[in-house]
Each structure stands twice: as structure tokens, then as C-alpha cells.
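>>> dropping the sequence and predicted coords here.
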Amino acid sequence: MKLARAWSTTAAATAVLTTLALATACNRGAASEDDRPTIGIDVPRSDSDFWNSYAHYLRKDIRTAGVDDLPVTNSQNDVTRLIANVEVLQKTGGAEAIIMAPQESGAITSTLDTLADAKIPVVSVDTRPDEGDVYMVVRADNRAYGTKACEFLGEQLDGEGKVAEFQGALDSVNGRDRSEAFARCMKKRFPKIRVFELPTGWKGEVASVKLRSLLAQHPDLSGIYMQAGGVFLQPTLELLEENGLLKPAGEKGHITVVSNDGIPQELDAIRDGYIDATVSQPADLYAKYAVYYAKAAAEGRTFKPGPTDHDSTIVELPNGLEDQLPAPLVTKENVEDRSLWANSVPR
């Protein structure tokens with residue numbers, strides 16, 4: 001059986017980020033003319049369809065936000081490169097606020113301290129730094145991701161079976177939150193389901209190797225939880241197809257798959273029946289409100305915990321504030337909903 005959809009390529013991903021950098025570079029130099037704040041932006045990686053969609057929305061939002069943006073940097077899932085990029089944005093670019101998405105949330109503290117000393121506020125997207133001051137974290141409730149995945153899988157499997165869990169990096173707050181919530185829910189609600197925890201470091205090739213080994217030992221695997229469809233979806237479907245296990249929902253032998261991200265390819269896979277659900281991370285809202293809060297920070301505005309005017313809630317953290325944006329579960333029942341960002345992003 002051949003996959004019904006074409007998957008995005010690394011070349012296309014690189015093109016998105018190259019275009020983003022070129023587009024943003026054109027806007028430099030206007031701050032002295034109209035006092036628009038200068039914003040530095042680092043995107044975390046270009047090997048994920050989710051983050052490439054985020055980059056697309058950034059390009060769109062920064063054109064209309066009333067800010068001057070420095071050439072966008074890309075830390076390529078490397079915290080050392082992120083630290084170096086931020087230093088350039090601060091010292092050479094003159095950034096008045098910085099947007100970042102540190103993939104290792106425990107390794108960025110010293111950089112945040114340096115920026116705080118320089119009075120440069122930070123907006124962290126999707127990940128919440130373990131320590132160090134942040135002006136605002138723009139994020140969804142990642143514990144809810146793990147709980148929603150657990151509840152969906154458990155109900156679909158009638159509370160029994162074997163499930164592989166592709167865990168994100170456990171040195172990342174997102175990986176920890178999703179893994180802990182999934183484990184807690186499974187233990188409490190579905191104790192007869194056996195979960196195989198597979199740490200991956202957010203790497204699709206690692207997930208594929210570990211799934212291949214697991215299938216050799218447990219060919220009766222009945223479910224998969226992917227904590228990041230942007231990196232896990234394609235290699236997982238390819239491996240299942242290679243082993244004759246890629247069967248659409250409703251067909252005997254179908255492996256129930258629930259994911260996180262909500263990228264267009266996941267929605268296509270739900271339509272085709274190859275996966276069953278995903279939690280839609282709001283890539284569009286991540287970009288929109290990252291830029292919004294960065295501009296507000298540079299202008300000296302402040303926010304308080306409580307409900308917002310965009311259907312989210314700001315909560316207080318030990319090191320700042322977090323705007324928790326909505327992230328709905330997507331299944332075949334609502335996959336065509338036009339409010340889902342993946343149904344409107346250009347391909």
C-alpha cells in the first residue's frame with residue numbers, strides 16, 4: 001500500500017526559513033525614523049513541519065505588527081547555537097526584545113540572566129525555561145496534550161493492549177509535561193494498557209529505529225502516541241507501511257495513532273485513516289502572540305494573570321508569566337474545521 005499524501009521535504013523547509021530571513025532583513029533601519037521597537041527572533045529548527053509553519057506565520061505577522069525585525073536566526077535544535085544567535089541579536093543587532101523557543105529548557109538560564117541584566121525582555125514560544133526571567137511564555141498546556149492522548153488511546157483500545165510512546169527530549173519541559181501526564185493518566189485510568197516509553201530527543205530517526213526494534217519484539221502493538229507529529233509522522237508511517245502495518249482505521253490490524261502538533265500532514269493522515277487523532281498546537285497563534293508580546297515588552301507594557309481577550313488564560317510562573325493558548329483535539333469528526341490553522345496554511 002502506498003501513502004496517499006506527499007510529505008514535505010527538507011529542501012522546502014529550508015526555503016521557508018531562507019525566505020523568512022530575506023523578508024525580515026528588508027525591514028531593518030526604520031527604528032530611528034518612527035521609533036518602532038527592534039525585535040530579534042530565533043526560530044528553533046527547520047526539520048519540523050510544525051516549526052516551518054510557525055516560521056510562515058511569523059513572516060506574515062511581523063509585516064503588520066509595527067516593529068523592526070532583525071534577520072531571523074535559526075538555532076537548528078542546538079542550544080549552543082541559540083546562545084550565540086541571541087548574543088548577536090543583542091550586541092550587534094540592538095534588539096530591544098527577543099523571541100526564542102529554547103528546545104532545552106534547562107540550558108538557557110545564563111543567557112536569560114544576561115538579557116535581564118541588559119533589560120532586554122524575552123518571549124519564549126512553546127517552551128517554558130526552567131529558570132531565568134521571561135516576560136511572557138506563549139504556550140499551550142502540554143500536560144493537557146499528554147492527558148488528551150491518553151484518554152483518546154485508552155478509549156479507542158477499550159482499556160487494553162500495548163502502546164508505544166515516542167517521548168520528546170526529557171530535558172525539555174514539553175517532553176517532561178507530556179510524558180508525565182500521559183503516564184499518570186494511563187496508570188490511573190487504563191492500568192491494563194502496557195506502555196513502552198521510547199525517549200527520542202525529538203528525533204524522527206531515533207523514533208523509527210526504536211519502533212522497528214519494538215515491533216520485532218511485540219508484533220501485536222496496538223497503539224502509538226507521538227509527542228511531535230512534525231518530526232515523527234513521516235518516518236512512522238513509512239515504517240508501518242514497510243512492515244505491512246499501515247492499515248486505515250476500521251480495517252483489521254489498524255494501529256491506533258494519536259499525535260501532537262496539528263500540522264497539515266497529520267490532518268491528511270486522519271482523513272486517510274492512517275492516524276486517528278492529533279492535538280493541534282496553534283502555530284498561527286504562537287507566532288501572532290509572540291510578536292504581540294515582544295512589541296508590548298519593548299514598549300514597557302505589563303500584563304497580569306487571568307483570562308485574555310483571545311480565549312486563553314495568563315498564569316503566573318516563578319520566573320514570569322505564561323499565556324496558555326487553546327489546543328483542541330482533532331479527529332475525523334472535526335478534521336475539516338476551518339478554524340484549525342492547518343486547514344488554511346499554504347502548502
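Nice, thanks for sending it over.

>>> for residue 204, what are its contacts?
Contacts for residue 204 (CB atoms under 8 Å, 6 or more residues apart in numbering) come out as 231, 232, 234, 235, 236. No exception for glycine: its C-beta is placed from N, CA and C like everyone else's.

>>> how near is it to residue 90?
Here residue 204 is placed at a distance of 32 Å from residue 90 (CB to CB, to the nearest Å).

>>> what's near enough to touch residue 75?
42, 43, 44, 45, 81, 82, 85, 100, 103.

>>> care to break the chain down by domain?
10-140+282-325, 142-280 (automatic domain parsing).

>>> for those domains, which has the smallest mean pLDDT value?
Least confident of the domains of the chain, judged by mean pLDDT, is domain 10-140+282-325 with a mean of 87.

>>> correct me, but residue 344 touches residue 337?
No - counting by CB atoms under 8 Å, residue 344 stays clear of residue 337, with 10.6 Å between them.

>>> those two: which has the busier surroundings?
Using other CB atoms under 10 Å as the criterion, residue 344 and residue 337 rank with residue 337 on top: 13 against 10.

>>> how about the domains of the chain, which one is nearest residue 331?
Closest to residue 331 of the domains of the chain is domain 142-280 (CB to CB; 4.7 Å).

>>> tally of neighbours for residue 80?
Residue 80 has 10 nearby residues by other CB under 10 Å.

>>> ok, now the one 3 residues further on?
Here the count is done by other CB under 10 Å, and residue 83 has 18 residues near it.

>>> also residue 91?
Neighbours of residue 91 (other CB under 10 Å): 10.

>>> what does residue 139 give?
Count around residue 139 with other CB under 10 Å applied: 26.

>>> repeat for residue 309
Neighbourhood size, residue 309 [other CB under 10 Å]: 5.

>>> cool, residue 155 as well?
Residues contacting residue 155 under the criterion other CB under 10 Å number 12.

>>> just checking, it is part of a strand?
No - under DSSP: H, G, I helix; E, B strand; the rest coil, residue 155 sits outside any strand and is assigned helix.

>>> how near is it to residue 44?
For residue 155, the distance to residue 44 (CB to CB) stands at 33 Å.

>>> could you tell me the end-to-end distance of stretch 270-277?
7 Å (CA to CA, to the nearest Å).

>>> for it, which positions count as buried?
If you call a residue buried by 16 or more other CB atoms under 10 Å, then stretch 270-277 has these buried ones: 270, 273, 274, 275, 276, 277.

>>> mind checking the SS state of the fourth one?
Secondary structure state of residue 275, per three-state DSSP, is coil.

>>> nearest residue to it other than its sequence neighbours?
Leaving out its chain neighbours, the residue that sits closest to residue 275 by CB to CB, 6 or more residues apart in numbering is residue 257, at 3.9 Å.
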